[in-house]
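> Got a sequence here, can you model it:
(one chain, ligands or ions: 1)
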Amino acid sequence: MSRIAYVNGRYFAWRDAKVHVEDRGFQFADSVYEVCEVRGGRLIDARRHLERLIRSLDALAIRMPMPAAALGVVLREVVARNRIDYGIVYLQISRGVARRDPAFPADSVTPTVVVTARPLNRARNAALAETGIAVISVPDNRWGRVDIKTTGLLPNVLARQAGLDRGARDAWFIDQDDAVTEGASSNAWIVTADGVLVTRPADHAILRGITRTVVLDVVKAQGLAVEERRFTLDEAYRAREAFATSASQIVMPVVKIDGRVIGDGRPGAVARALRREFHRHAEAG
Ligand code: PLP
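Next up, the predicted model:
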């Protein structure tokens, strides 16, 4: 749990950190967020996360409340004040506080900025990556702009919980054509029987994960065959390997989908190698 949180220009003890009851993030999910890995006390790929944050804000016409460099300073300060060596830092910006009305508020309303950070259990994550995780598939019933990283995450919440309720750790969304879009909080990948890596193109139907982008760099640097194309759930069942990517899990092998064993049921060589190599290609700062 974060001990110190940043809210609108000030640092608070976690129990005292509050936003207004009429914050539009709270009322309408009219807000965007980023999650960045912290490793050795340094932010991983902060530049790319902040660039994506700006794209999300622009898409929703929410004003960037301070320059990206200043936000970077706040992120690092929250990490430092919470003494995070390995964990995540969370940044949320909402359109601000106004009387409840779906229409945008006056320009004078300033966006709300919140930053928290918390440690992750490195040994637990490593152990999970050693065994791999199970996921279930669920219909993708989200809106058409999930490339914007908004806090409107109810379908993701319900998907994740459905996975947990069925003894899995996560859920993969499936579109109307039976193609996998992405995980409830990760991007989805497979390795075909011929050894080709496949992940869905970053269109409006998935979030363009920062981890996904860096993994594509690793894949190219290693000369592995990769295709950015749609793949069906059936292809995923028959894949040699499957894995998920996200800032908090990096590369997480998936060894079961809907109870069906993927490959030999153990984390595959490609996923393991990508997980090993990832931080050579990511930016730490
Ligand atoms: N897709 C969804 C829906 C996510 O919520 C996330 C991360 O939270 C990702 C993909 C992976 O994005 P990133 O690699 O930037 O963490």
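> For the residue in the stretch 1-150 of the chain positioned nearest to the ligand, give me its contacts.
Nearest residue of the stretch 1-150 of the chain to the ligand: residue 35, at 5.5 Å (CB to the nearest ligand atom). Glycine gets a C-beta too; all of them are placed from N, C-alpha and C. Going by CB atoms under 8 Å, 6 or more residues apart in numbering, residue 35 touches 49, 88, 89, 90, 91, 246, 247, 248.
> doesn't it fall inside a helix?
No. Checked against DSSP: H, G, I helix; E, B strand; the rest coil, residue 35 lies outside a helix; its state is strand.
> Quick check, pLDDT for it.
Looking at residue 35, its pLDDT is 98.
> Next one: the closest residue in space to residue 246 that isn't next to it in sequence from residue 220, what distance?
Leaving aside its sequence neighbours, residue 246 sits nearest to residue 186 (CB to CB, 6 or more residues apart in numbering; 3.9 Å). Going from residue 186 to residue 220 by CB to CB, to the nearest Å gives 21 Å.
> quick one, which of those two is more surrounded?
residue 186 (25 against 11; other CB atoms under 10 Å).
> Now that one: phi and psi?
Main-chain torsions, residue 186, degrees, to the nearest 10: phi -160, psi 170.
> residues contacting it?
Applying CB under 8 Å, 6+ apart, the residues near residue 186 are 170, 209, 211, 244, 245, 246, 249, 252.
> still on that earlier bit, give me the subset of the contacts of residue 35 that lies in helices.
Judged by DSSP state H, these include residue 49 as members of helices.
> Could you tell me which of the contacts of residue 35 count as buried?
49, 88, 89, 90, 91, 246, 247 (16 or more other CB atoms under 10 Å).
> roughly how far out does stretch 253-270 sit from the chain middle?
Centre-to-centre, stretch 253-270 and its host chain are 21 Å apart (CA atoms, centre = their mean, to the nearest Å).
> Just the CA trace of that stretch, in CSV.
Below are the C-alpha coordinates for stretch 253-270, written out as CSV (Å, rounded to 0.1, in the frame of the first residue of the first chain):
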residue,chain,number,x,y,z
PRO,A,253,3.9,-17.2,-19.6
VAL,A,254,0.4,-18.5,-20.1
VAL,A,255,0.2,-22.2,-19.8
LYS,A,256,-3.6,-22.8,-19.8
ILE,A,257,-6.4,-21.1,-21.6
ASP,A,258,-10.0,-22.1,-20.6
GLY,A,259,-8.5,-25.2,-18.9
ARG,A,260,-6.7,-26.4,-22.1
VAL,A,261,-3.0,-26.9,-21.7
ILE,A,262,-0.8,-24.8,-24.0
GLY,A,263,2.2,-26.5,-25.5
ASP,A,264,3.7,-28.8,-22.9
GLY,A,265,2.1,-26.9,-20.1
ARG,A,266,5.2,-25.2,-19.0
PRO,A,267,6.6,-21.7,-19.8
GLY,A,268,8.0,-21.8,-23.3
ALA,A,269,11.6,-21.0,-24.3
VAL,A,270,10.6,-17.8,-26.3
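> Tell me which residue in the stretch 51-200 of the chain sits closest to the ligand.
Closest point on the stretch 51-200 of the chain to the ligand, by CB to the nearest ligand atom, is residue 185, at 3.9 Å.
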